[in-house]
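Participant: this one's structure only:
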Ligand code: ATP
């Protein structure tokens, strides 16, 4: 069993606070992703878990026992850090099987394991190559093999951006392999995996911890993080979003029934917002808008408060022509840019809010020829199901400018 608790971990490098009071728990056999932008403190946190660096304060607990003062070797884990740390004078096989733990196994077992991991990482045939003869991605895979072979009974695997240097195809197949291996009956690993790639996080994680500027921002399943982000930073980190500034209107009867669930995919929407209520919003357009929010958010926001409505680019629907009157949460606009992105089309739609122009990004799956009619300069109606609108208290202009890198 591997259960890890981090309690109030802080770490500074000189006067720079790299980690600020981080507490979290990783469950046995969980695939746990630490996700965040560069400089968030992810690697520092991993190094503290492995024992490579000591926190200034706080405790690390493995299976109920404090290991804060234990060395990395005493913590019994397999890990792989970004700089790979391969031995230049050893070939691939020696590099991955060089370790007391690997040698403790019998030699046929070691050989089989070595062959298995080499095959999985597509390195078969490169057994005798030296690190200088390998590409960056190959070195990364050798380091991954070594981390896998180093696993012992503790079954804790720690990976710092393990797939970063790989091309898209190999990255995708290794994600699948990693997940399959971690969840296999024989291994059944607890994995802590650091990445700044939200797609990678969504694909492999049981739970994701989002970090930024040394702080833990949110922990949850991919579903929770995606549909119920705690703040604008998390919402924006997971996929392309649009935001609207508006006001919460609690004292006015809306012109349309905002309580009724949207027809499309009722069950799906109901699951997303089991305990949620509709919040009417004034976004500065003629019509009233609405989004379902969790009850705690509803009660936290008062009538007249400034709010931010966030709608993901892929949650907008798009129709040709002016159909604003027949749709709810609808806006009229003009396509000013259309891009084919392979799996989806990306449209930039110019709208007008009380004389102010704004660009809204809308993406739709590229599965139908119908999309050929959505050409640049077409007039379109875009609208979103109210279950998919996300509402936050207005975080202030500075935060918005910082997140969207605006002047
Ligand atoms: P990346 O995704 O770029 O690897 P990260 O989230 O892993 O980023 P860390 O490597 O943990 O971030 O670094 C967090 C902050 O701490 C950075 O600002 C970094 O410059 C600083 N830092 C990390 N290690 C040291 C060190 N040994 N000395 C001084 N500053 C450090």
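Facilitator: That came in fine, so what should we check first? Note that this is a predicted model, so its numbers are computed, not measured. Residues are numbered from 1 along each chain as shown.
Participant: in the stretch 101-250 of the chain, which spans are helices?
Facilitator: With DSSP state H, counting those that start in this stretch as the criterion, the stretch 101-250 of the chain has helices at 107-120, 136-149, 168-183, 198-204, 222-227, 232-238.
Participant: could you check how far the fifth one is from the centre of its chain?
Facilitator: Offset of helix 222-227 from its chain centre (C-alpha atoms, centre = their mean, to the nearest Å): 9 Å.
Participant: do stretch 196-214 as well
Facilitator: Centroid displacement of stretch 196-214 relative to its chain, using C-alpha atoms, centre = their mean, is 3 Å.
Participant: which stretch in the helices of the stretch 101-250 of the chain has the least confidence?
Facilitator: Comparing mean pLDDT over those, the weakest stretch is helix 107-120, at a mean of 77.
Participant: other SSEs contacting that one?
Facilitator: helix 92-97, helix 136-149 (3 or more C-beta pairs under 8 Å, 6 or more residues apart in numbering; DSSP states H and E). C-betas here are computed from N, CA, C, even on glycine.
Participant: still on that earlier bit, save the helices of the stretch 101-250 of the chain as TSV, and put in mean neighbour count too.
Facilitator: What follows is the helices of the stretch 101-250 of the chain, written out as TSV (neighbours: other C-beta atoms under 10 Å):
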stretch	mean neighbour count
helix 107-120	15
helix 136-149	22
helix 168-183	16
helix 198-204	19
helix 222-227	18
helix 232-238	20
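Participant: tabulate the ones you listed (TSV), appending distance to the ligand.
Facilitator: Putting these into TSV (distance: least, C-beta to the nearest ligand atom, whole Å) gives the following:
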stretch	distance to the ligand
helix 107-120	25
helix 136-149	14
helix 168-183	16
helix 198-204	13
helix 222-227	17
helix 232-238	13
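Participant: want to throw these into CSV with distance to residue 352?
Facilitator: Below are the helices of the stretch 101-250 of the chain laid out as CSV (distance: least, C-beta to C-beta, whole Å):
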stretch, distance to residue 352
helix 107-120, 54
helix 136-149, 48
helix 168-183, 38
helix 198-204, 32
helix 222-227, 29
helix 232-238, 24
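Participant: relative to residue 401, which of the ones you listed is closest?
Facilitator: Across those, residue 401 has its closest neighbour in helix 232-238 (11.2 Å, C-beta to C-beta).
Participant: give me the contacts around the closest one.
Facilitator: 35-37, 198, 202, 210, 212, 217-218, 225-226, 229, 241, 243, 308, 310, 312, 390, 392, 395, 399-400, 403-404 (C-beta atoms under 8 Å, 6 or more residues apart in numbering).
Participant: which regions of this protein sit below the pLDDT cut-off?
Facilitator: By pLDDT under 70, the weakly predicted segments of the chain are 82-84, 99-106, 152-154, 253-254, 261-274, 368-370, 406-407.
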